[in-house]
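Pasted the sequence and its predicted model underneath.
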Number of protein chains: 2
Amino acid sequence: MEKERTLKEITPKSQDFSQWYLDVVLKAEMADYGPVKGCMIIRPYGYAVWENMQADMDRRIKETGHVNAYFPLFIPKSYLEKEKEHVEGFSPECAWVTVGGGEELEEPLAVRPTSEAIICSMYAKWVKSWRDLPILINQWANVVRWEKVTRPFLRTTEFLWQEGHTLHETEAQAEEETLKMLHVYRSFSEEILAMPVVWGRKSDTEKFAGALRTYAIEALMSDGKALQAGTSHNLGQHFATAYGIEYLDRNQQRVKPWSTSWGTSTRMVGGMIMTHGDDSGLVLPPRIAPHQVVIVPIPPRKGDWNEQVLPKAREVAAVLRAAGVRVHLDDRDTQQPGFKYADWEMRGVPLRLEIGPKDIEKDQCVLVRRDSREKAFVPLAGLAVEVPQRLGAMQRQLLERARKFMADDTTRVTTYDQFEQVMEAKRGFLVAGWCGDAACEAKVKEETKATIRVIPTEGEAAAGACVRCGKPSPREVYFAQAY
Amino acid sequence: MEKERTLKEITPKSQDFSQWYLDVVLKAEMADYGPVKGCMIIRPYGYAVWENMQADMDRRIKETGHVNAYFPLFIPKSYLEKEKEHVEGFSPECAWVTVGGGEELEEPLAVRPTSEAIICSMYAKWVKSWRDLPILINQWANVVRWEKVTRPFLRTTEFLWQEGHTLHETEAQAEEETLKMLHVYRSFSEEILAMPVVWGRKSDTEKFAGALRTYAIEALMSDGKALQAGTSHNLGQHFATAYGIEYLDRNQQRVKPWSTSWGTSTRMVGGMIMTHGDDSGLVLPPRIAPHQVVIVPIPPRKGDWNEQVLPKAREVAAVLRAAGVRVHLDDRDTQQPGFKYADWEMRGVPLRLEIGPKDIEKDQCVLVRRDSREKAFVPLAGLAVEVPQRLGAMQRQLLERARKFMADDTTRVTTYDQFEQVMEAKRGFLVAGWCGDAACEAKVKEETKATIRVIPTEGEAAAGACVRCGKPSPREVYFAQAY
């Protein structure tokens, strides 16, 4: 009954995807709404997921030679205005501090929407010689973009992210860095979030304000819409020029460096939720689950569970912890097992371990996988090996399932009729030719709400005709409606 | 020559302590000034120190049962105003966002100076039953307080910190939590930063705006001034009342919980620098040093160091890394060893490992300790044991030295003449009686710039007379001038 009550609180995914998402985020206590519109609270359970993601991403960023630093939250208006396209892109979204210490400020301060302006100003001061290059700095920070329509994790006024900002001697090095980080994001998304992506370059319409070239990874959500999950920008010499970064090169000439920036954010949490969740709630990939295993002890029909069950449950927890598994023992005596099952299912814990007096007699326990509901009786003696194996299998199979979904929901089309039909019916990725003209891109968007998500830059190029105008297309691109 | 040049850039500590501090912070690239007054940039080397501190503090916070979460940066004006003392204390220091998304906001938003207001508003929504208690949440975040006089790390407009916010059923539990976290801070400061502290309660004049009782740890800097390095507040039921937090207790009565908050910040980095640094620059305690050992390979008089020295230097680095030591191999071929010695001394690396062709012949290397300059020839075979031992010894001895300094600079006085003389001459902590009257406290501050840093709450109370008015003093307190 308790189980039913809990489940009833979540709108079925097939009935209303958007409401399902909000129900899951709120009921599983991943996030909550705060008093300021669009600013979410990341609750402890959601933050623990973010911490696991952050730890792994931070490791990847450091392994590729970057170091962390911290730059100020506030950017003076005049600094933001130095790069023309940049300020045009971000100024409308800014929150402005106009009063500080009880006095009107002489110059308004933007709460950073991104940190190119402030970081490049400092680089102009720090970089003097080619020996100072490359500069490979990353920052973990909060940023603010005034959004009209918001949704927890997916689009929030304030969000948490990492932003890398690098300087290089040559254009080729900057391009190499941009692509290197794109692939760090791709492999993070696939290996850690079990969230497959397509990747490639953005069209000029969709690129970052001030960038030379923007690359992105894009995931496909179960409602057939794409989610931009990470971007990497080759900024050319635009910002070096705007912020006056110059150095003496190997030939003692004053020259400008080439810069890049790249970022991923708490938005990835939202993508992960939408990729794996089901009608019972969250399904968390083991590699980021705060609890990989929850132990639910079953009370004896008569007698004291403190004597008959809990000691063995604690022993099992200790064995698993020693094997490097994140375990939670749910020893609440205020709730029945049925309630606990539904509760932890909603929270997406990968493996449930049930153990009661009869199991203990047989030196076994019951393992239930969250995604497949597969149930197995497993001898206690083998748990330290069996549990990590099952977690590994679940991580792999979540990715495989998501890959299959993405493949099934990707349609290659050659005519605009087909394009419109598919975009009307099941959506998903549409692979089609594009002539390269922004006018065609704009018409497609107006007529079908679909935008070019990425122009693939790897693999074989399938030349053909533009799906909208029929002119030659150098290669197929990915269209989709997007978050 | 290079060494002299580098050293010349740092003002001697004894000549001008304040300038010495700024020189060290800037030259060692711990921090830099940004375009907004009072907002510092934490450069990669300084941030790496902060990351090491953060990792250890985070572990201690979690081990005492707390979880992390994230609450919004912006606090609506009306929320801040709910607790009267709190708003009076913080409102003058606030930065206000008045424009967002191109429009004037209906209600100004404070950039959080601290998060009681926003967090307690959420707790009012989340807490319903005694089963929901205790709530033990911590947050790592940036906060902003508009400061008139600022100094990197010690007092900055924006700073990074952790702030814990907890709710409890009883006053006794809240008090226990407050003191537990005070001691977490004390042991962190001593064990990790090698920075000894005194601790105790704050007088009512010095307590946190809105608190029932504030406790603090206070360190003593080499200029004889105290630095408040961490505070822990028992907030009583003040915030529960102001923000309407109520729950059904074990007897089904609607009651208010008791709350606490506690915080430490990037200020601790400044305290650590001032505690250990010397005329050559930083001295970093091994437990927080980004590089615990720097290897400086000595080039051969003739021949190629790539053949004769670097392979062995790399081997040594690998051996030490395998032993869990953070090692940096300085293989720049653009600088001489002398420059490197001075450079890494300035950056406070605990151990320098010199290795050249002659050392390699003898299967040895030279180890030089940063604090004592002690030099030792050590066989390569024993390094994996020898280096961690020396790092451990240095960590202990830094604490011992700082403890001795603090003891030598703590003076027990019984007359106000003595008090004024010592506060005029060498400063430091003055242990003296106090009647408990805020008027005496204010006079002492006006006349000597000294404030009551803490009223000890542990150990034996030495009763006596108030050093200012002669009335009975229940116990001695610590006075000092403070940062």
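That came through, no problem.

quick one, strands of the stretch 201-350 of chain A?
A:213-220, A:226-236, A:247-248, A:254-255, A:258-265, A:293-297, A:327-329 (DSSP state E, counting those that start in this stretch).

buried set for whichever strand or helix holds residue A:58?
Assigned by DSSP states H and E, residue A:58 falls within helix A:44-63. Using 16 or more other Cβ atoms under 10 Å in any protein chain shown as the test for burial, helix A:44-63 gives A:44-54, A:56-58, A:60-61. Glycine gets a C-beta too; all of them are placed from N, C-alpha and C.

Burial check on residue A:95, number of neighbours?
By other Cβ atoms under 10 Å in any protein chain shown, the residues close to residue A:95 number 24.

so where's chain A uncertain?
Low-confidence segments of chain A (pLDDT under 70): A:1-8.

any idea which residue sits dead centre in it?
With distances taken as Cα atoms, centre = their mean, residue A:268 lies nearest the centre of chain A, 1.5 Å away.

Now do the nearest residue to that residue once chain neighbours are set aside against chain B, distance only.
Nearest non-adjacent residue to residue A:268, counting by Cβ to Cβ, 6 or more residues apart in numbering or on different chains: residue A:229, 5.6 Å away. According to Cβ to the nearest Cβ, to the nearest Å, residue A:229 stands 20 Å off from chain B.

correct me, but residue A:229 touches residue A:217?
Yes - using Cβ atoms under 8 Å, residue A:229 makes contact with residue A:217 at a distance of 5.2 Å.

So for those two, which residue has more residues nearby?
Counting neighbours by other Cβ under 10 Å for residue A:229 and for residue A:217 shows that residue A:217 has the greater number, 30 against 26.

Skipping adjacent residues, who's closest to that one in space?
Using Cβ to Cβ, 6+ apart, the closest residue to residue A:217 is residue A:197 (4.0 Å).

how far away is that neighbour from residue A:451?
16 Å (Cβ to Cβ, to the nearest Å).

Which one of these two is surrounded by more residues?
Each of residue A:197 and residue A:451 has its neighbours counted (other Cβ under 10 Å); residue A:197 has more, 27 against 19.

Now that one: phi and psi?
Residue A:197 has phi and psi values of phi -140, psi 160 when expressed as degrees, to the nearest 10.

contacting residues for it?
By Cβ atoms under 8 Å, 6 or more residues apart in numbering or on different chains, the contact set of residue A:197 is A:186, A:189, A:190, A:217, A:218, A:219, A:229.

With residue A:237 instead?
Going by Cβ under 8 Å, 6+ apart, the list of residues near residue A:237 reads A:256, A:257, A:258, A:259.

From residue B:170, how far out is the residue in the stretch 201-350 of chain A positioned nearest to chain B?
Closest contact between the stretch 201-350 of chain A and chain B, by Cβ to the nearest Cβ, is at residue A:334 (6.3 Å). Counting by Cβ to Cβ, the gap from residue A:334 to residue B:170 is 19 Å.

Look at the two and report which has more neighbours.
Neighbours were counted for residue A:334 and for residue B:170 using other Cβ under 10 Å; residue B:170 has more, 13 against 7.

And the more buried one, how close does it get to residue A:458?
Counting by Cβ to Cβ - residue B:170 and residue A:458 are separated by 63 Å.

does residue A:120 really touch residue A:259, like I thought?
Yes - using Cβ under 8 Å, residue A:120 makes contact with residue A:259 at a distance of 7.1 Å.

shared neighbours of the two, anything?
A:165, A:239, A:240, A:245.

can you tell me which residues contact the first one?
Shown here is residue A:165, whose contacts under the criterion Cβ under 8 Å, 6+ apart are A:115, A:116, A:119, A:120, A:123, A:135, A:137, A:138, A:139, A:259, A:260, A:261.

which of those lies closest to residue B:110?
Nearest to residue B:110 among the contacts of residue A:165 is residue A:115, at 22.0 Å by Cβ to Cβ.

how much space between that closest one and residue A:81?
Applying Cβ to Cβ to residue A:115 and residue A:81 gives a distance of 15 Å.

more crowded one of the two?
residue A:115 (22 against 15).

so who does the more buried one touch?
Residue A:115 touches A:71, A:75, A:139, A:141, A:143, A:163, A:165, counting by Cβ under 8 Å, 6+ apart.

Please apply the same query to residue A:227.
Residue A:227 touches A:154, A:218, A:219, A:220, A:221, A:267, A:270, A:271, A:274, A:482, A:483, counting by Cβ under 8 Å, 6+ apart.

go on, residue A:78?
Contacts here follow Cβ under 8 Å, 6+ apart; on that basis residue A:78 touches residue A:107.

so which strand or helix has it?
Going by DSSP H and E, residue A:78 is part of helix A:77-80.

hmm, who's touching the helix or strand following that helix?
Next in sequence after helix A:77-80, counting helices and strands by DSSP H and E, comes helix A:84-90. The contact list for helix A:84-90 (Cβ under 8 Å, 6+ apart) reads A:80-81, A:113-114, A:116-117, A:145, A:208-210, A:238-239, A:242.
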